[in-house]
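J.: next comes the sequence, and after it the predicted model I'd like to discuss.
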Amino acid sequence: MQHVSAVREPLVTGGKTLHDVTQDICYQVEAKPNLRWMAALSVALFFLGVFFYSVYRTVWYGIGEWGLNKTVNWAWDITNFVWWVGIGHAGTLISAVLLLFRQKWRSSINRAAEAMTIFAVICAAMFPVLHMGRPWLAFYVFPLQNTLGSLWANFNSPLLWDVFAISTYFTVSLVFWYIGLIPDFASIRDRAKGPIAKFSYSMLSFGWKGSAKAWSRYETVSLILAGVSTPLVLSVHTIVSMDFATSVVPGWHTTIFPPYFVAGAIFSGFAMVLTLMLITRVVFRLEDYITLEHIALMNKIMMVTGSIVGVAYITEFFIAWYSQVEFEQYAFINRATGPYWWAYASMMTCNVITPQLVWFRRVRYSIPLTFILSIIVNIGMWFERFVIIVTSLHRDYLPSSWAMFSPSIIDIGLYVGTLGLFFTLFLLFAKFFPVINMAEVKTILKYTVDNGPTYNPEKAHAAHAHQSAIHGAPASAPVTYNQHD
């Protein structure tokens, strides 16, 4: 007998059957691109063109095209790098940590979150390579045999740790994402009518047949990858924070940075997941799969991590006072009251005050307010990285070397361009790959309620007749349950 909770809201609404799930999600892949998707892709491609032009100017003329100076030698490039790495954090958290904790609500959002992670890391990787000035020599960071003498990487440098941490994070996330796609590729393969589509998805599905042994190995590999990925949630942004914490620059040399950066990364990552999922929900009409309950739960996590970040801001000021180091104290007073006070005020407003609105149920379950809030949080998290980097550098130990930073048009073009790269990749993913994990959503249908169990005898009978007519169900479909399961 099925137990129906009187408290928890349904994870899938609309009385969906197994056939409905396949039909609704595969339709976005099989149908021709609609005008909204084409318009969005056109805008993304325009900004991608801006990115390529900015990269050309940077590589051809050097990083003198940026607004850097001798005092502020890190600015928008590293700000954008840390921001994009942070956005990539939520994908691994949703995929790995929530899987290990058996949280069923992750099933509708994990696929897009994993894709977001990969695309965000690609955008992040652009900035350190460009900042080298000679990106064609990027292989120098690896300990390769060479004919140029003793050219070895410095393994004591956290900048080198970044290379290994982020490349490991990207590789594991890519494998995790692709493994989860294989059963869904098989479903699309079984439905494909054109020879090109059938061949393409056959290659992508690796001959998946949906046998009991295949499902057993699939679940085992998923758990192993989740176990491997979970430490990465903590380690990657911890190592990114050590780029700053291992220095002697006032405002950077602090032990709070690792947990502070991890909480901030999850905070900004969930905000971007909300932004993307709300857009996907409307554009692809997936309201029955990305429900208000999913949005409310993500809002709660965003509020908790935002509160942790707020505590970190207060702790930084306390430790600066408690240390009685005048340089440290001045660095934090200058952040709040100096020439860049407006950036600090924006950071505090967006990251500390605004997320507290989620305490109100009306805000937590509101689509427009959540969308606006997710945009505000990501703006605030960008300002956080800008405040940490620029305000700690522009006032040096010597007043004679004090300087202000102003971004050049190429700085702005690179940042806007990476947004174009990110959304181009995401839009192509959403069109040619199933944006929701069909196989996992099918496993939670029996746990959902919509005025009772989701079993719909009429829909189930129609789905059974359809599957019989096409000589068997898709290879990836789990076993259909009946009304008395």
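T.: That came in fine, so what should we check first? Residues are numbered from 1 along each chain as shown.
J.: what is the burial count for R364?
T.: When neighbours are counted by other CB atoms under 10 Å, R364 registers 21. In short, each C-beta sits where N, CA and C put it, glycine included.
J.: same deal with the one 3 residues further on?
T.: I367 sits with 13 neighbouring residues when counted by other CB under 10 Å.
J.: again, but for F371
T.: Burial measure for F371: 17 neighbouring residues, criterion other CB under 10 Å.
J.: what about the nearest residue to it once chain neighbours are set aside, distance to T315?
T.: Among residues not flanking F371 along the chain, L278 sits closest, at 4.9 Å (CB to CB, 6 or more residues apart in numbering). Distance of L278 to T315, given as CB to CB, to the nearest Å: 32 Å.
J.: hmm, who's touching stretch 405-416?
T.: 47, 50-51, 53-55, 57-58, 65-69, 72, 75-77, 80, 126-127, 130, 390, 393-394 (CB atoms under 8 Å, 6 or more residues apart in numbering).
J.: L278 and T315: which has the busier surroundings?
T.: Taking other CB under 10 Å, L278 and T315 do not tie; L278 has more neighbours (18 against 14).
J.: tell me the contacts of the more buried one?
T.: I290, I295, I367, T370, F371, S374.
J.: picking that back up, kindly write the ChimeraX command that selects the buried subset of the contacts of stretch 405-416.
T.: Selection of buried members from the contacts of stretch 405-416 for ChimeraX, criterion 16 or more other CB atoms under 10 Å:
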select :47,50,51,54,55,57,58,65,66,67,68,72,75,76,77,80,126,127,130,390,393,394
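J.: in helices, which of the contacts of stretch 405-416 fall?
T.: Using DSSP state H, the subset of the contacts of stretch 405-416 located in helices is 47, 50-51, 53-55, 57-58, 76-77, 80, 126-127, 130, 390, 393.
J.: for these, which one is nearest E326?
T.: The shortest approach to E326 among the ones in helices among the contacts of stretch 405-416 belongs to L393, at 17.8 Å (CB to CB).
J.: quick check: that closest one touching V72?
T.: Yes. Here L393 reaches V72: they are 4.8 Å apart, a contact under CB atoms under 8 Å.
J.: what about the residue sitting furthest away from the middle of the chain, which SS state?
T.: In the chain, S400 marks the outermost C-alpha relative to the chain mean, sitting 41.7 Å out by CA atoms, centre = their mean. Following DSSP: H, G, I helix; E, B strand; the rest coil, S400 is assigned to helix.
J.: so how far is P339 from N73?
T.: Separation of N73 from P339 (CB to CB): 18 Å.
J.: where does the protein dip in pLDDT?
T.: By pLDDT under 70, the weakly predicted segments of the chain are 1-9, 145-152, 446-485.
J.: hmm, 80 instead?
T.: 1-11, 13-16, 90, 93, 139-155, 445-485 (pLDDT under 80).
J.: which SS class is the spatially closest residue to H253 that is not a sequence neighbour?
T.: Excluding its sequence neighbours, the residue lying closest to H253 (CB to CB, 6+ apart) is S247, at 6.1 Å. Under three-state DSSP, S247 falls in the coil class.
J.: and stretch 301-318, how far from the chain's centre?
T.: Stretch 301-318 sits 20 Å away from the centroid of its parent chain (CA atoms, centre = their mean, to the nearest Å).
J.: what's the burial count for Y27?
T.: 12.
J.: who does the helix or strand it falls within touch, helix- and strand-wise?
T.: Secondary structure assignment for Y27, by DSSP states H and E: helix 18-30. Contact analysis of helix 18-30 by 3 or more CB pairs under 8 Å, 6 or more residues apart in numbering; DSSP states H and E lists helix 158-191, helix 409-432, helix 438-443, helix 457-469 as its packing neighbours.
J.: and among the ones you listed, the most buried is which?
T.: Sort the helices and strands packed on helix 18-30 by mean neighbour count, taking mean count of other CB atoms under 10 Å, and helix 438-443 sits at the top with a mean of 22.
J.: other residues contacting that helix?
T.: So helix 438-443 is in contact with 12, 18, 21-22, 25-26, 107-108, 110, 180, 183-184, 187, 289, 476-478, going by CB under 8 Å, 6+ apart.
J.: before we move on, the earlier item: just the element for the residue nearest to F371, please.
T.: helix 257-283.
J.: again, but for A113
T.: For A113, the element it lies in under DSSP H and E is helix 110-131.
J.: helices and strands around that helix, which ones?
T.: On a contact count with 3+ CB pairs under 8 Å, 6+ apart, helix 110-131 meets helix 35-61, helix 76-87, helix 89-92, helix 158-191, helix 257-283, helix 409-432.
J.: got the angle for it vs helix 76-87?
T.: Here helix 110-131 runs at an angle of 160 degrees relative to helix 76-87 (axes from the mean of the first three to the mean of the last three CA atoms, to 10 degrees).
J.: okay, buried residues for helix 110-131 please.
T.: 110-131.
J.: likewise stretch 372-386?
T.: Across stretch 372-386, burial judged by 16+ other CB under 10 Å covers 373-374, 376-386.
J.: so how far is that stretch from its chain's centroid?
T.: Centre-to-centre, stretch 372-386 and its host chain are 14 Å apart (CA atoms, centre = their mean).
J.: again, but for stretch 293-307
T.: Stretch 293-307 sits 15 Å away from the centroid of its parent chain (CA atoms, centre = their mean).
J.: oh, and call the first residue 8 from now on, that's how I've got it
T.: Sounds good: first residue 8 from here, last item stretch 300-314.
J.: need the contact partners of it.
T.: When contacts are defined by CB under 8 Å, 6+ apart, stretch 300-314 is touched by residues 15-18, 112, 115-116, 270-271, 273-274, 277-278, 280-281, 284-285, 358-359, 362-363, 365-366, 370-372, 374, 377, 380-381, 384.
J.: I appreciate the help and will end here.
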